[in-house]
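Colleague: What follows is a predicted protein model with its sequence.
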Amino acid sequence: MAQKAIVAYSFGGSPVHGPGPANRKLAIVVALRLAIGKGAILVVQDYLEALLLTAEVRPDLVVRKHREEGKFLGTEEVTSQYAEFLRRLGVSEVLLIAHPFLHWRKCKKLLEAEGFSVKVVTTGKVPFDPFSEGWWARSRRNLFLYTLLQLATGRQGR
């Protein structure tokens, strides 16, 4: 039987203000999903790690920084690192946990392009992060504008 993984992307967060409300909610969803899917491999992004450790959940992989020094750690780079790790373990199916407004669609598309079968986990309402380091994670309007900017220009990160 092929290994399954829970793949979780952080949303917002700040070195000054911490993980933020979006990541607190996403970490709860991860912990609950892991309780249901015992034995699944868990890969998470930066700000989710500390929140999960307080619940005694230890991820198998945490992506904290871009492989190229000084570059922004965006969804594309996180997905690439996740995929490399999961392929080595023979994972073909992933349960995706990501912010439910637009972000999960991008994450799903990137994971499928890496060859994974993706099932999206329902998160319920996840807030935005008004103190996020990235302006696009501060509100619904900002994320929508950022998505349009990405589609029009291919821009990633700051």
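Modeller: Yep, that arrived. Numbering: from 1, shown residues only.
Colleague: all strands of the protein, in order?
Modeller: Taking DSSP state E as the test, the strands found in the chain are 3-8, 41-45, 61-63, 91-97, 117-120.
Colleague: Of those strands, which stretch is the most buried?
Modeller: Among these, the stretch with the highest mean neighbour count (mean count of other CB atoms under 10 Å) is strand 41-45, at a mean of 24. (Glycine included, C-beta is placed from N, CA and C.)
Colleague: State the mean pLDDT of that strand.
Modeller: When pLDDT is averaged over strand 41-45, the result is 96.
Colleague: shift numbering so it begins at 59
Modeller: Noted, 59 is the first residue going forward, which turns the last one into strand 99-103.
Colleague: for that strand, packing partners?
Modeller: Here strand 99-103 touches strand 61-66, helix 78-94, strand 119-121, helix 133-146, going by 3 or more CB pairs under 8 Å, 6 or more residues apart in numbering; DSSP states H and E.
Colleague: weakest of the strands of the chain in terms of mean pLDDT?
Modeller: Across these, strand 61-66 gives the lowest mean pLDDT, at a mean of 93.
Colleague: ok so, going back, what would the strands of the chain look like in CSV with distance to L92?
Modeller: Putting the strands of the chain into CSV (distance: least, CB to CB, whole Å) gives the following:
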stretch, distance to L92
strand 61-66, 6
strand 99-103, 6
strand 119-121, 14
strand 149-155, 10
strand 175-178, 15
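Colleague: and the residue nearest to L201 when sequence neighbours are not counted, what is it in contact with?
Modeller: Among residues not flanking L201 along the chain, W194 sits closest, at 5.2 Å (CB to CB, 6 or more residues apart in numbering). By CB atoms under 8 Å, 6 or more residues apart in numbering, W194 lies in contact with N200, L201, L203, Y204.
Colleague: ok, of these, which one's closest to F159?
Modeller: Checking these against F159 by CB to CB gives L201 as the nearest, at 6.1 Å.
Colleague: what number of residues lie near the closest one?
Modeller: 21 (other CB atoms under 10 Å).
Colleague: Let me know whether it touches A195 as I believe.
Modeller: Yes. With contact defined as CB atoms under 8 Å, L201 counts as touching A195 (6.7 Å).
Colleague: Quick check: neighbours shared by these two?
Modeller: By CB under 8 Å, 6+ apart, the residues touching both L201 and A195 are F186.
Colleague: Quick one: low-confidence residue ranges for the protein.
Modeller: 59-60, 214-216 (pLDDT under 70).
Colleague: run the last query once more with 50
Modeller: 59 (pLDDT under 50).
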